[in-house]
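Visitor: below are the sequence and a predicted model for it; my questions follow.
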Amino acid sequence: MTYDLYIGDRLFSSWSLRGWLMLEKFGIPYRTHMIGLYSGTMAQDMAALAPARLVPTLRLPDGTVVGESLAMAETLAERHPKAGLWPAAPAARATARWLCAEMVAGFTALRSECPMQLARRYRGFSPAPDTRIDLARIETLWAHARRLSGASSGPLFGAHSLADVFYTPVAARIVGYGLPVSDENRAYCEMLLGDPAVEAWRQEAQKVTYDPFPYELNLPFAPWPSPVASSC
């Protein structure tokens, strides 16, 4: 039972990273297909998946096409109930779904001002007030998840779940732009980004060069460092 996953540029496509982690982190077999986000071929590349029009898109083994990340997540969880995509406890599972849904629908200021990029750690970036509001809301949600699960560190619900998958690109934004969060939440972000699967994704992303570099800021930056081993 192998799925076909259609993704965009690894360095910048936060939604593609989420879709890939849903499969990679939970041991679900898949094949990856690239869609040209920056090459001008996206519409052509997606034509066979219509009416899906965005990445990631998933094609099931029977040929069914599933667009949108939450639909993909629920479909995979339904088809692989023993894989542990959602937390096992009902209250934790409901809360994890809530966190993922709010991620999909919200945080527009953060997502607009700080596009995901996995190449640089900018120095001296000052987020706008609305982005700071988004960050405060994210920290509130993470604290709520930890109170519910009792997990003081590591994955939000004790074991890695779709909640951690959906917030991994948020962690990349926080770390990549040096955004203000608590020490505890910065450690959580570093843990997510230090995961071997995420680093494998980032290393693959480095094989593509861009001139000019999308979303470049006129700020000093440091290269993305080698990850510390993660137990995530």
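Guide: Arrived safely. From a predicted model like this one, the values you see are computed outputs, not experimental measurements. Numbers count the residues shown, from 1 in each chain.

Visitor: how about stretch 56-69: buried residues?
Guide: Residues 56-60, 66-69 are the ones in stretch 56-69 that count as buried (16 or more other Cβ atoms under 10 Å). (C-beta placed from N, C-alpha, C; glycine too.)

Visitor: tell me the domain ranges of the chain?
Guide: 3-79, 90-199 (automatic domain parsing).

Visitor: can I get those domains in CSV with distance to N218 and mean pLDDT?
Guide: Formatted as CSV, the domains of the chain follow (distance: least, Cβ to Cβ, whole Å; pLDDT from 0 to 100):
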stretch, distance to N218, mean pLDDT
domain 3-79, 19, 95
domain 90-199, 10, 97
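
Visitor: so which of those domains gets nearest D211?
Guide: D211 lies closest to domain 3-79 among the domains of the chain, at 11.1 Å (Cβ to Cβ).

Visitor: from the chain's centroid, how far away is that closest one?
Guide: 13 Å (Cα atoms, centre = their mean, to the nearest Å).

Visitor: make 42 the first number, not 1, from now on.
Guide: Taking 42 as the first residue, the last one we looked at is domain 44-120.

Visitor: buried ones in the top helix by length along the chain?
Guide: Longest helix of the chain, by residue count under DSSP state H: helix 170-190. The neighbour-count check on helix 170-190 (16+ other Cβ under 10 Å) flags 172, 175-176, 179, 182-183, 186-187, 189-190 as buried.

Visitor: any chance you could map the strands in this protein?
Guide: Remark: strands assigned in the chain by DSSP state E are 44-48, 71-75, 98-100, 106-108, 161-163, 262-264.

Visitor: need the residues that contact stretch 55-62.
Guide: 46, 48-51, 73, 95-99, 110, 113, 152, 156-157, 206-207, 209-210, 213-214, 238-239, 242 (Cβ atoms under 8 Å, 6 or more residues apart in numbering).

Visitor: which ones among these are found in helices?
Guide: 110, 113, 152, 206-207, 209-210, 213-214, 238-239, 242.

Visitor: columns distance to Y251 on top of those residues, output as TSV?
Guide: Shown next, in TSV, are the ones in helices among the contacts of stretch 55-62 (distance: Cβ to Cβ, whole Å):
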residue	distance to Y251
S110	24
M113	27
R152	20
V206	26
F207	26
T209	22
P210	18
A213	17
R214	18
A238	23
V239	20
W242	17
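
Visitor: identify the farthest-apart pair in these.
Guide: Maximum pairwise distance among the ones in helices among the contacts of stretch 55-62 (Cβ to Cβ): 22.2 Å, between R152 and A238.

Visitor: before we move on, back to that, so which of the ones in helices among the contacts of stretch 55-62 is the most crowded?
Guide: V206 (27 neighbours; other Cβ atoms under 10 Å).

Visitor: skip the chain neighbours and tell me the closest residue to it.
Guide: L62 (4.4 Å; Cβ to Cβ, 6 or more residues apart in numbering).

Visitor: and for L159?
Guide: R243 (4.7 Å).

Visitor: so how far is V216 from that neighbour?
Guide: R243 sits 12 Å away from V216, going by Cβ to Cβ, to the nearest Å.

Visitor: quick revisit: now the buried residues of stretch 97-110 in TSV, with distance to R120?
Guide: Listed next are those as TSV, based on distance: Cβ to Cβ, whole Å:
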residue	distance to R120
P97	16
T98	16
L99	11
R100	13
L101	8
V107	10
G108	16
E109	16
S110	16
